[in-house]
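> fold the following, please.
(2 chains)
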2 protein chains.
Amino acid sequence: IKELDDVFIKNTLEGINPADISTILLEFSTDESKYVLDVLENEVSAEVINDLDEDIRSKFLKTFDNRQISVMLNELDSDDAVDIINELPLKDREEVIALLENKEKAKNILDLLRYEEDVAGGLMAKELIKANVNWSVKQCIEEIRRQAENVEKIYSVYVVDDQNILLGRASLKRIILADDHVQIKDLYDDEVISVETYMDEVDVAEIMRKYDLDAVPVVNVQGKLMGRITIDDIVDVITELAEEERQMMAGISEDVEEADSVWMLTRARLPWLIIGMFGGLLGAQFIGVFEEDILLVPAMAFFIPLITATGGNVGIQSSSIVLQSIANKSVFDDSFLKRITKVLLVAILNGIVIAGIVMGLNLILGQEVRLSIVVSVALFTVVLLASFMGTVTPLVLDRLGINPALAAGPFITTANDLLGLLIYFSVAHLLYYS
Amino acid sequence: IKELDDVFIKNTLEGINPADISTILLEFSTDESKYVLDVLENEVSAEVINDLDEDIRSKFLKTFDNRQISVMLNELDSDDAVDIINELPLKDREEVIALLENKEKAKNILDLLRYEEDVAGGLMAKELIKANVNWSVKQCIEEIRRQAENVEKIYSVYVVDDQNILLGRASLKRIILADDHVQIKDLYDDEVISVETYMDEVDVAEIMRKYDLDAVPVVNVQGKLMGRITIDDIVDVITELAEEERQMMAGISEDVEEADSVWMLTRARLPWLIIGMFGGLLGAQFIGVFEEDILLVPAMAFFIPLITATGGNVGIQSSSIVLQSIANKSVFDDSFLKRITKVLLVAILNGIVIAGIVMGLNLILGQEVRLSIVVSVALFTVVLLASFMGTVTPLVLDRLGINPALAAGPFITTANDLLGLLIYFSVAHLLYYS
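Below is the predicted model of the structure:
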């Protein structure tokens, strides 16, 4: 690639979508990519950088000096520019912003930097089209033409008063179809759905999904229009949340991908493996207390995996059903008591079937009657308790502000393993010594 | 509620977003809801019905006759109308379509019914704005005004030739900003991203996410413009896929929610519990073979949960990392060999740490040296094999066209339990009898 001349690169990549160029660059070394980006126009290379994955992007950004970065940021929407600035070393951030040619963009970026990344303020872009309520359609269309230069996608025109308080919205379609002399105030829709700057991104996503919105205006506590969030940002939020949940459920403690280094992957996985290990060792200590029972009836040991596995499976099923309710924010007004009653009913049904089949098979296979009873009674109890734990834990975690998906991971499995062993050996001890 | 008069209901609900009315209706009985829907205007009640969850909607639909349903469908976009028709009993479908007043809509619906629900053709709506490449901007704007009546959101104007072959797109912004006499052919962008009718919804979602598209045109094999898919449909697809994956990982075999009946919840959970149960019974048979070893060294039984739990945790971690690669369709060109080598390196690191800690603790706690060695050797081997299985299984399932999330559920846990027991007792047998 190094031998190809600039013109060739430029011609080849011209007209290719920036997202595709990003994909192609992944196969080049950092130096080669930098070379390609230098050849491309600022606008295109800014889009390419914007499309890259965070890990790879930070590698790239190191090869640019602050002036080059500020030139690229000039071409991006304020929300994307802020994401990139947040990845720069602290000491470079101010300089990059100071170097921005477009002073309005610099001000917008400084505004946005005040917000946490996971609230509406951190997702929104300052670029939007707004119209004063006192304008006519003619004035408005002129303003749209002027403002539209900085705004990639228009969606709605937001209508504000002189204090920049959001009053409503008017669709572009409606404005275009109206006569020139109509006043905006006679045309706009005052039932606009908006979100406040500090609203959690999960709630913003839920609102946009519920009302099928392409864009939602963001207002501050005084109701002033601060920015807007577009649906493409929400698609990213939903994808990230699903990824986070998957990792939680699998017991992976950092945000890693298969492409990450062996060291990072190990570090992400080890913590939960060690917790599981301590659970296992605790279980060993625990079974040790019943050593004499095992010597007396060694067949008791045979059913340890059956008990622990059933507890684990039931626990994960229960918590994932609750997780779903939480994720959907389902308007689910049933009282806690009603929910638990239902869970226990399901558990009793499942428990009877499982315990029944196991009892039958054990007797057919010629297992001792007393042991068969112990195993089935323990199984039934484990199904009941694991269902209860699996339902309550995510609800409690959610209430405490902790990601409830944690409850569907190795945590619940380990806890249920111990619980299962406790029940199994207690039941056995009771039935054998009474 | 029954005592309130129609005017009151109408006034109260007027101006309320249909999505909110749907939420309110959930608290009413089916009869009450039907009453409210009858009072509302057709357009509003159609939107309300469209916003309802599938389960609840089918209950509602039963209370309407075919004529009423067809009146509501008249108000909906073709893709939403098709979703509702698909929920009707087979015998009613034809009648409802025949009753549709808008004959063009009826034709569109019949067109769409030919596609599977999970491909691009099944997601698309026929409503869109298109322009002939030979028109001028003036003609085009007139056409847009005409066509816009049936199209809720415009996004892009698609440019086609006389044979309806998709040539490109032009943004509404660009058309509005252009002079009236400019020709569409000099203004449109011919680098339009489109999808084919039979493309899988997952791939459509990925393309729209990658290129940040609000809408994507759908073409048939001849390149003719058939419809368009809008981003709100894709948000639903992404949400559904995440739900499906969560249920797979948790071992729930049907699409259920907490609000479903006890019977449905039981039926969804039982199959995997029974598979897990057979795994556990198989494990019991298996340990039974080593009864004499346990009688000789009862402490051997203590570590059964440690071994099975570690195998399960490692397996789920490995498969969820592969799942993520599959979900992201990451451009991940590493060969199979390179992937496995990396997985095994991570496993060796994790295995050494876990086995080492367990060895140390066992010796400190005064466990027999030989048993401590057995446990640690078995642990290390289990971590290695479970990593391998956890990585390969989802890849194989994906290749076979089965949802790979299955591999991160009870399936892998059960398989790894058995694998762990096999390794543990084999190692023990070898070390004690050699």
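
> helix or strand right after the helix or strand bottoming out on mean pLDDT in chain A?
When the helices and strands of chain A are compared on mean pLDDT, DSSP states H and E, helix A:6-13 comes out lowest with a mean of 72. With elements assigned by DSSP states H and E, the helix or strand that comes after helix A:6-13 is helix A:18-25.

> so is that following helix next to chain B?
Yes - against chain B, helix A:18-25 shows contacts by CB under 8 Å from any CB of the partner chain at A:19, A:23. For glycine as for every other residue, the C-beta is placed from the backbone atoms N, C-alpha and C.

> who's in contact with that helix?
With CB atoms under 8 Å, 6 or more residues apart in numbering or on different chains as the test, helix A:18-25 has contacts from A:13, A:33, A:36-37, A:40, A:44, A:47-48, A:50-52, B:210-212, B:331.

> circling back: which of the residues in the least confident helix or strand of chain A are buried?
By neighbour count on 16 or more other CB atoms under 10 Å in any protein chain shown, the buried set for helix A:6-13 is A:9, A:13.

> now stretch A:123-143
Buried residues in stretch A:123-143, counting neighbours by 16+ other CB under 10 Å, are found at A:123-133, A:135-137, A:140-141, A:143.

> off-centre distance for it?
In terms of CA atoms, centre = their mean, to the nearest Å, the centre of stretch A:123-143 is found 33 Å from the chain centre.

> likewise stretch A:259-275?
Counting by CA atoms, centre = their mean, stretch A:259-275 is centred 20 Å from the centre of its parent chain.

> A:Gly401: neighbour count?
Using other CB atoms under 10 Å in any protein chain shown, A:Gly401 has 7 other residues around it.

> can you name the residue of the stretch 1-150 of chain A nearest to chain B?
Ranked by CB to the nearest CB, the top residue of the stretch 1-150 of chain A for proximity to chain B is A:Ala19, at 5.1 Å.

> just the pLDDT at that residue, thanks.
A:Ala19 is assigned a pLDDT of 79 by the prediction.

> list only buried entries from the contacts of helix A:18-25.
Buried among the contacts of helix A:18-25 by 16+ other CB under 10 Å: A:13, A:33, A:36-37, A:40, A:44, A:47-48, A:50-52, B:210, B:212.

> related to what we said a few turns ago, report how many residues lie close to the residue of the stretch 1-150 of chain A closest to chain B.
By other CB under 10 Å, the residues close to A:Ala19 number 19.

> A:Leu422 too?
16.

> what about the residue nearest to it when sequence neighbours are not counted, how many residues nearby?
Excluding its sequence neighbours, the residue lying closest to A:Leu422 (CB to CB, 6 or more residues apart in numbering or on different chains) is A:Phe286, at 7.0 Å. For A:Phe286, the count of nearby residues is 16 (other CB under 10 Å).

> again with A:Gly276
When neighbours are counted by other CB under 10 Å, A:Gly276 registers 25.

> quick one: residues contacting it.
Taking CB under 8 Å, 6+ apart, we find A:Gly276 in contact with A:251, A:410, A:413-414, B:309-310, B:313.

> same thing but at 6 Å, please
A:Gly276 sits next to A:410, A:414, B:309, B:313 when contact means CB atoms under 6 Å, 6 or more residues apart in numbering or on different chains.

> show me which of the residues you listed is closest to B:Met359.
B:Ala309 (17.3 Å; CB to CB).

> was I right about that closest one contacting A:Leu282?
No - applying CB atoms under 6 Å, one finds B:Ala309 not in contact with A:Leu282, separated by 10.8 Å.

> which of the two has more neighbours?
Set B:Ala309 next to A:Leu282 and count neighbours by other CB under 10 Å: B:Ala309 wins out with 31 against 16.

> rewinding a little: which residues are in contact with the least confident helix or strand of chain A?
By CB under 6 Å, 6+ apart, helix A:6-13 touches A:21, A:36, A:39.

> number of nearby residues for A:Thr414?
With neighbours defined by other CB under 10 Å, the count for A:Thr414 comes to 26.

> what do you get for the one 5 residues further on?
Burial of A:Leu419, expressed as a neighbour count using other CB under 10 Å, amounts to 20.

> next, the contact list for the single nearest residue of the stretch 151-300 of chain A relative to chain B, please.
In the stretch 151-300 of chain A, no residue comes nearer to chain B than A:Gly280, which is 2.8 Å away by CB to the nearest CB. For A:Gly280, the contacting residues are B:305-306, B:309, by CB under 6 Å, 6+ apart.

> tell me the SS of the residue nearest to it when sequence neighbours are not counted?
Distances taken as CB to CB, 6+ apart put B:Leu306 closest to A:Gly280, at 2.8 Å, once the chain neighbours are dropped. Look at B:Leu306: counting by DSSP: H, G, I helix; E, B strand; the rest coil, its state is helix.

> where does B:Leu306 land on pLDDT?
With respect to pLDDT, B:Leu306 has a value of 93.

> interface residues of the stretch 301-434 of chain A facing chain B?
Residues of the stretch 301-434 of chain A found near chain B (CB under 6 Å from any CB of the partner chain) are A:301-306, A:308-309, A:313, A:316-317, A:320-321, A:325, A:331, A:345-346, A:349-350, A:354, A:410, A:417.

> among those residues, which are located in helices?
If you go by DSSP state H, these have A:301-302, A:304-306, A:308-309, A:313, A:316-317, A:320-321, A:325, A:345-346, A:349-350, A:354, A:410, A:417 in helices.

> show me where the stretch 51-200 of chain A has its strands.
Ranges of strands within the stretch 51-200 of chain A are A:130-132, A:156-160, A:166-171, A:195-196, based on DSSP state E, counting those that start in this stretch.

> need the pLDDT of the residue of the stretch 151-300 of chain A closest to chain B.
The model reports A:Gly280 with a pLDDT of 89.

> quick one: low-confidence ranges for the stretch 1-150 of chain A?
A:1-5 (pLDDT under 70).

> neighbours around the nearest residue to A:Leu296 once chain neighbours are set aside, how many?
Spatial nearest neighbour of A:Leu296, excluding adjacent residues (CB to CB, 6+ apart): A:Tyr432 at 7.4 Å. By the criterion of other CB under 10 Å, A:Tyr432 has 14 neighbours.

> for A:Tyr432, pull up the helix or strand it's in.
A:Tyr432 belongs to helix A:410-433 when assigned by DSSP H and E.

> also A:Val216?
Judged by DSSP H and E, A:Val216 forms part of strand A:215-219.

> kindly report the same for A:Ser372.
According to DSSP H and E, A:Ser372 maps onto helix A:369-399.

> gap between stretch A:147-158 and the chain center?
28 Å.

> over to that stretch now: how far is its first residue from its last?
For stretch A:147-158, the first-to-last residue distance is 12 Å (CA to CA, to the nearest Å).

> any residues touching that stretch, and which ones?
For stretch A:147-158, the external contacting residues (CB under 6 Å, 6+ apart) are A:127, A:129-131, A:169-172, A:214-215, A:217, A:225, B:173.

> just those now: which is nearest A:Glu368?
Among the contacts of stretch A:147-158, A:Asp214 lies closest to A:Glu368 (CB to CB), at 67.2 Å.

> how many neighbours does that closest one have?
Using other CB under 10 Å, the number of residues around A:Asp214 comes to 21.

> thought it was touching A:Ile229?
No - A:Asp214 lies out of contact with A:Ile229 (CB under 6 Å); the separation is 10.1 Å.

> let me have the contacts of A:Gly276 in TSV, adding pLDDT and distance to A:Arg57 as columns.
Below are these laid out as TSV (pLDDT from 0 to 100; distance: CB to CB, whole Å):
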residue	pLDDT	distance to A:Arg57
A:Pro410	79	32
A:Thr414	87	37
B:Ala309	90	38
B:Asn313	88	32
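
> cool, thanks, talk later.
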